[in-house]
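Peer 1: Show me the folded form of this:
(one chain, ligands or ions: 1)
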Amino acid sequence: MSPIKIDVNDLTYKINPDLSTIDWTYVCELFDKVDWRTRVEADIELAFRRSSWTLFIYKGDQLIAFGRTIDDGRYYAILADIIVDPDFQGNGLGKYLVNTLNEKLGDNYHFVNLTAAPGKGDFYKSLGWKKQSTCYIWPQGPKQKRLHTEPDAEEPTA
Ligand SMILES: CC(C)(COP(=O)(O)OP(=O)(O)OC[C@H]1O[C@@H](n2cnc3c(N)ncnc32)[C@H](O)[C@@H]1OP(=O)(O)O)[C@@H](O)C(=O)NCCC(=O)NCCS
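Peer 2: Numbers count the residues shown, from 1 in each chain. Below is the predicted model:
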């Protein structure tokens, strides 16, 4: 199904809302809808509660996009879980999520990073993000190693 064109002025944008108002079952359904299938309701709620900035976008009562940041308040910050319901992609909401969360972080941090999902690098590049040449990952399994590391990556030794 093609994404639905929407008037972004009709949407409701909630920054750091009361997280007890969020339907975490539906949040997990959206993770599922973009094929990120390992989220557990209680865990994802706790993860959002431990986040510094959270942003949720609604069309009427329907949650259609969200994202969050994690940071230590001074040196390191990360954008995470940038998700737009596939039915509503292509309306600028991904761009809005990333730019707004980045603006909220401000310019106080030494490093602001994110991990792009496979195939989404050009999305971030189009928003001005740069591929970090010095970033390393400790793969959490063979799938992650396959999807997120360069072919010559060495095996972890421990
Ligand atoms: C990636 C994602 C957040 C983009 O959201 P979106 O609302 O469709 O993107 P936008 O409409 O804001 O697009 C902003 C710009 O990025 C471009 N863009 C969007 N997806 C792109 C992609 N996969 N590759 C390259 N460019 C892309 C758009 O063409 C647009 O360019 P423009 O400003 O010149 O018109 C969305 O596809 C999504 O939720 N995907 C599933 C989860 C995911 O992969 N999240 C991000 C990885 S961490």
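Peer 1: CA atoms for contacts and neighbours, from now on please.
Peer 2: Will do.
Peer 1: where does Lys14 land in three-state SS?
Peer 2: Put simply, Lys14 is strand when judged by DSSP: H, G, I helix; E, B strand; the rest coil.
Peer 1: For the protein, which residues are neighbours of the ligand?
Peer 2: Contacts of the chain with the ligand, taken as Cα under 6 Å from any ligand atom, map to 34, 81-84, 89-95, 115-117, 120, 122-123, 126.
Peer 1: redo that, cut-off 5 Å
Peer 2: 34, 82-84, 89-95, 116-117, 120, 122-123 (Cα under 5 Å from any ligand atom).
Peer 1: can you tell me which of the residues you listed are in strands?
Peer 2: Here DSSP state E is the test, and these give 82-84 as lying in strands.
Peer 1: So which bits of the longest helix seen in the chain are buried?
Peer 2: In terms of residue count, the longest helix belonging to the chain (DSSP state H) is helix 93-105. Within helix 93-105, the residues scored as buried using 16 or more other Cα atoms under 10 Å are 93-94, 97-98, 100-102, 105.
Peer 1: Tell me which other helices or strands that helix touches.
Peer 2: strand 53-59, strand 62-71, strand 76-84 (3 or more Cα pairs under 8 Å, 6 or more residues apart in numbering; DSSP states H and E).
Peer 1: now the ones you listed in JSON lines, with mean neighbour count?
Peer 2: As requested, the helices and strands packed on helix 93-105 are exported to JSON lines (neighbours: other Cα atoms under 10 Å):
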{"stretch": "strand 53-59", "mean neighbour count": "20"}
{"stretch": "strand 62-71", "mean neighbour count": "21"}
{"stretch": "strand 76-84", "mean neighbour count": "21"}
